[in-house]
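In: mind looking at a prediction? Sequence and model below.
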Amino acid sequence: MSSSRLTLRSQGRGELLVSLCYQPAANRLGVVILKARNLPKMDISGLSDPYIKIYLNYNGQRIAKKKTHVKKRTLNPVFNESFLFDVPYNEGLQNISLEFLVLDWDRMTKNEVVGRLEIGSKTGPTEVSHWNEVMNCPRKQIAEWHKLRE
């Protein structure tokens, strides 16, 4: 195992602050990527050029995707970018989940995955709690920090 992989294991993958808002009348899910913190160093410079891909999943299938702009040379990027996803008509959020991939942009090589997060009704305990709050409080922006996973 390479030393950078060992470092990632010991220092963690960082965290992502995400705000969600469900608009049932419009069948829309609003997603605001606010910021990330403590991202691992991915470049030789000791920094990273992070950006985030967001996928809307329906019954486990990716049905829509969006992405943020790249934030250059930072381990604590501030994005403040909003996205709207149309959710399947009359479905609610039971079979919907959001997948976030934090990537390190690289001009020369393939962009590396820094960490990932999935929020939905069948994910980890903090993710499920955030998701349930979003479902139970429609039209309200609800923000929460989430730990990124491998």
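Out: Here it is on my side, so go on. Numbers count the residues shown, from 1 in each chain.

In: for residue 51, see how far away the one residue sitting closest to the centre of the chain is.
Out: By Cα atoms, centre = their mean, the chain has its centre lying nearest to residue 100, at 3.0 Å. Distance, residue 100 to residue 51, using Cβ to Cβ, to the nearest Å: 11 Å. All C-beta spots, glycine's among them, are computed from the backbone N, C-alpha and C.

In: repeat that for residue 122.
Out: Residue 122 is 26 Å from residue 51, where distance means Cβ to Cβ.

In: for the chain, which segments count as strands?
Out: Residue ranges of the strands in the chain, as given by DSSP state E, are 15-23, 28-37, 50-58, 61-67, 78-86, 96-104, 112-120, 142-147.

In: and of those, who's closest to residue 126?
Out: With Cβ to Cβ as the measure, strand 142-147 is the member of the strands of the chain nearest residue 126 (6.3 Å).

In: need the strands of the chain in a markdown table (columns: distance to residue 130 and mean pLDDT).
Out: Formatted as a markdown table, the strands of the chain follow (distance: least, Cβ to Cβ, whole Å; pLDDT from 0 to 100):
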| stretch | distance to residue 130 | mean pLDDT |
| --- | --- | --- |
| strand 15-23 | 7 | 97 |
| strand 28-37 | 12 | 98 |
| strand 50-58 | 15 | 97 |
| strand 61-67 | 19 | 97 |
| strand 78-86 | 16 | 98 |
| strand 96-104 | 10 | 96 |
| strand 112-120 | 6 | 95 |
| strand 142-147 | 5 | 97 |
